[in-house]
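Task: produce atomic coordinates for the following.
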Amino acid sequence: FLHSTRCTMHTPPRLLNAMDSDETSEGSVIEESRWQNGEEPVPDLDDILAQLRQEIAAWLDARADASSLDIATAYDELRHLDTREMLLLPDKNSLYLNSRYQKSAVQVIRDAKSDPILRTFDPRRQLLRSRALQLSRSRLRPLKINDLPLDILHIIFHNFQDDALTEGWECHRSVCWHEYTITQTRRRRRTISQTPDIAAGVRGIQISLGYRPKEYADDITRFTRARLRALSKFAGHCEHDVAYNYWPPENFDESSKDGELVQRAVELRRALENYRRLYDEWDEYVDATVRGETLMGPLPECQAIFQKGYAEYCRLQKEQQDLLRNCNFANALAAAASRMPNVHCFNFVDEWHPNAPERDHAEWLNDKKLIFCSMQDPLNFQDVEEESVWPEEAICKLESFDFDIANCWDGREAPLPDKDKSHLDNFLGAILSRCGQQLRILKLDLRDVSINTGKYEGSEEAYRADSILNKLRKLPRIRHLHLRCLELEGRTLNAFCRGLGSNLRQLNLSDVVVRNGVWADAFDVLRNKAAAAGMVTGPVHEIDTSFSRLHGAEFTMTDPLPLGFGGPEYQSYHYSPHENSLEQAAEWYVEGLLDSNPLRGPSLKDISTCAYGIPFPCITHI
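Just a heads-up that it's a prediction; the model follows:
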């Protein structure tokens, strides 16, 4: 309705575009509205706007007093006010919103004159908002951080960002990295689990089994050697960079024009100097400690770092040892997980990966704080293996031991060197000798350290394991026993069988070779063990035995057959039906289904039926 029949000629401004054309549609009958010479008729709005101002003032005076309204009516009045304002000028902004066209002269003039009139609604709007706030104040609660919108939260937590952090998933944790690193693991777990909002956001728990050996806490010399070995790797990288990228030194002094290269060269040289100073001062401190001397006066910076780092390692080692001894770790972990309703996985890892910012070798040696933090970290398993440190107290409680080597190759073409075999024998023997009294399950598979010559000859393929089983005297609680690819002396096998307890439920022997002895004695011992435990009661038996590809003594090989690949020198030996039947007969004898040992005597023709009454195949032992 903002239109007037009275109009004056007005020259359009430069903002007029193609929409303000002087062309009219064909068939127009109003000659006065034509544009002539690019001029546009502009309405005279003063009278109509004055009348509109009076109508708005009258409408506002007719509304109810804001101080007499309740909260619901106040909000309804606010919505009514906004609606009235939009009805007056509905096309004020929407017509040209996101349009490539500019406003015409008429639109510009009308908006400029109507804005002051529309602002007459503002006093009424302020009164209504104040009334609504006054009525709702009694029901307001303190604002919490969770009530803020996401864009505001992003601005707040952005202030916690550490500029030293590199881009990665660690940057989106919405936590202060410094607080995350200095907080102890158990305290952090307890705090998170007892905070419902944070606990509800946990989706998985990763448990890092970083090991701090007690031997390093008791021996300061060993501890120093391990930590210096780790720092020497960083120093080696620095020396490599200096030798190949920043040599000779005179080309990278302060007079060089390239500032970045000069700064990098200075950092590398300072890192090497710090490493040498660390090495000398730590060595001096350790020597004085071993001799029982006390260094007078305040300690140098490097020695103070070592003293605090070593004390922190000892404290954490004792805390870890107490946690394992008290057996509270599993209960505490389960209690924490029960308060995290959305946890769907547990991940156990055997390496320590702290969420520390990535630094290069020079930054590590130049940052004393990083050096201090690295001294209290758990040791990696490579260092533990080199130092021959093992958690003997924990091994004593092992009830299941499964040893297998990843199938990284198709067997070996030559035996292990004596040195490597000695290490493997000592490793297995030490563990089995410590946990033998508690073992319930033992699986020992040595096929991937055995020899593969292309011929299926057990005497050449199996691993000689006498030194391992000689240390394993008794297995009183063993229930499941699996041995594969072992070569044993007859007396070693007999002694091992006599050390088995009376709880045996499953026995699996595969590719086992006996030298200088017989299998019959071992089978007699195994049968007596089963009978003494009451496992055999007539036709019902509980022990499950499986013998396959047994070699030596009573078990023999037949003629070779070609494999079909690898040339004529690669041949395979197959088993005759006699030997397969002999292994089956041995299984039934140990289980109590045969009365006599099938491996004793020159012939098995007299054995024709088993304890079930099932016809037993006629087996001839040559």
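
drop to CA atoms for contacts and neighbour counts, all remaining ones
Fine.

my read: residue 228 touches residue 279, true?
Yes. If you go by CA atoms under 8 Å, residue 228 and residue 279 touch, sitting 7.2 Å apart.

residue contacts, residue 286?
220-221, 224 (CA atoms under 8 Å, 6 or more residues apart in numbering).

quick one: which of those sit in strands?
Using DSSP state E, no member of the contacts of residue 286 falls in strands.

Going by neighbour count, list what's buried in the helix or strand harbouring residue 264.
Using DSSP states H and E, residue 264 maps to helix 259-290. Residues of helix 259-290 classed as buried by neighbour count (16 or more other CA atoms under 10 Å): 261-262, 264-272, 274-275, 278-279, 281-283, 285-286.

Is it correct that residue 306 is in contact with residue 282?
Yes. Counting by CA under 8 Å, residue 282 is a contact partner of residue 306 at 6.9 Å.

by contact count, what packs against whichever strand or helix holds residue 315?
Using DSSP H and E, the element containing residue 315 is helix 301-326. If contacts are counted by 3 or more CA pairs under 8 Å, 6 or more residues apart in numbering; DSSP states H and E, helix 301-326 sits against helix 214-218, helix 259-290, helix 368-375.

Would you map the strands across the stretch 451-600 of the chain?
Shown for the stretch 451-600 of the chain, the strands assigned by DSSP state E, counting those that start in this stretch span residues 463-464, 480-489, 506-515, 536-537, 540-541, 544-548, 560-562, 571-573.

same thing with the stretch 101-250 of the chain?
Counting by DSSP E, counting those that start in this stretch, the strands of the stretch 101-250 of the chain are 205-208.

which residue ranges form the helices in it?
105-118, 122-136, 150-158, 177-182, 185-193, 196-199, 214-218, 220-245 (DSSP state H, counting those that start in this stretch).

Tell me if I'm right that residue 275 and residue 364 touch.
No. With contact defined as CA under 8 Å, residue 275 does not count as touching residue 364 (10.1 Å).

low-scoring pLDDT stretches of the stretch 101-250 of the chain, where are they?
101-115, 117-118, 160-187, 246-250 (pLDDT under 70).

try 80 this time
For the stretch 101-250 of the chain, residues meeting the criterion pLDDT under 80 lie at 101-120, 139-143, 146-147, 157-192, 206-211, 242-250.

and if you look at the stretch 501-622 of the chain?
530-543, 553-581, 600-622.

how many other residues sit next to residue 215?
16 (other CA atoms under 10 Å).

follow-up on the earlier one: looking at the helices of the stretch 101-250 of the chain, which is nearest to residue 469?
Smallest distance to residue 469 across those (CA to CA): 27.8 Å, for helix 214-218.

which strands and helices sit next to the closest one?
helix 220-245, helix 301-326.

Using TSV, lay out the ones you listed together with distance to residue 401 and mean neighbour count.
Output for those, formatted as TSV (distance: least, CA to CA, whole Å; neighbours: other CA atoms under 10 Å):
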stretch	distance to residue 401	mean neighbour count
helix 220-245	29	16
helix 301-326	19	17
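
Would you tell me which of the ones you listed gets closest to residue 60?
Shortest distance between residue 60 and the helices and strands packed on helix 214-218, using CA to CA, is found for helix 301-326: 75.0 Å.

Quick check: buried residues in the next helix or strand after that closest one?
Downstream of helix 301-326, the next assigned helix or strand under DSSP H and E is helix 329-338. Buried positions in helix 329-338, judged by neighbour count with 16+ other CA under 10 Å: 336-337.

Restrict helix 329-338 to CA atoms and write it as CSV.
Only the C-alpha atoms of helix 329-338 are listed here, as CSV (Å, rounded to 0.1, in the frame of the first residue of the first chain):
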residue,chain,number,x,y,z
PHE,A,329,44.2,-54.7,38.9
ALA,A,330,41.4,-56.7,37.2
ASN,A,331,38.9,-55.8,39.9
ALA,A,332,39.7,-52.1,39.7
LEU,A,333,39.5,-52.2,35.9
ALA,A,334,36.2,-54.0,35.9
ALA,A,335,34.7,-51.6,38.5
ALA,A,336,35.7,-48.6,36.3
ALA,A,337,34.3,-50.2,33.1
SER,A,338,31.0,-50.9,34.8
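
Check what contacts that helix and list those residues.
Residues contacting helix 329-338 (CA under 8 Å, 6+ apart): 189-190, 193, 323, 343.

taking the mean pLDDT, what do you get for stretch 291-303?
Throughout stretch 291-303, pLDDT has a mean value of 75.

Next: stretch 335-344.
The average pLDDT for stretch 335-344 rounds to 86.

separation between residue 270 and residue 308?
23 Å (CA to CA, to the nearest Å).

what does the domain assignment say about this structure?
7-24+37-136, 214-377, 390-591 (automatic domain parsing).

Kindly check the end-to-end length of the second one for me.
Going back to what we said before, that points to domain 214-377. Termini of domain 214-377 sit 14 Å apart (CA to CA).

pLDDT weak spots in the stretch 351-500 of the chain?
Checking the stretch 351-500 of the chain against pLDDT under 80 turns up 351-361, 364, 373, 379-397, 405-416, 447-461, 473.

tell me the two of the contacts of helix 329-338 that are most distant?
323 and 343 (23.4 Å).

quick revisit: for residue 348, find the nearest of the helices and strands packed on helix 214-218.
Nearest of the helices and strands packed on helix 214-218 (CA to CA): helix 301-326, 15.8 Å.

and the angle for that closest one with helix 220-245?
130 degrees (axes from the mean of the first three to the mean of the last three CA atoms, to 10 degrees).

Helix 301-326 relative to helix 329-338, how many degrees between them?
Using the same axes, to 10 degrees: helix 301-326 against helix 329-338 is 90 degrees.

ok so, going back, residue 472 is nearest to which of the helices and strands packed on helix 214-218?
Across the helices and strands packed on helix 214-218, residue 472 has its closest neighbour in helix 301-326 (25.3 Å, CA to CA).

Now do that closest one and helix 259-290, the angle between them.
Using the same axes, to 10 degrees: helix 301-326 against helix 259-290 is 70 degrees.

and helix 301-326 with helix 368-375, angle?
For helix 301-326 against helix 368-375, the angle between stretch directions is 30 degrees (the same axes, to 10 degrees).
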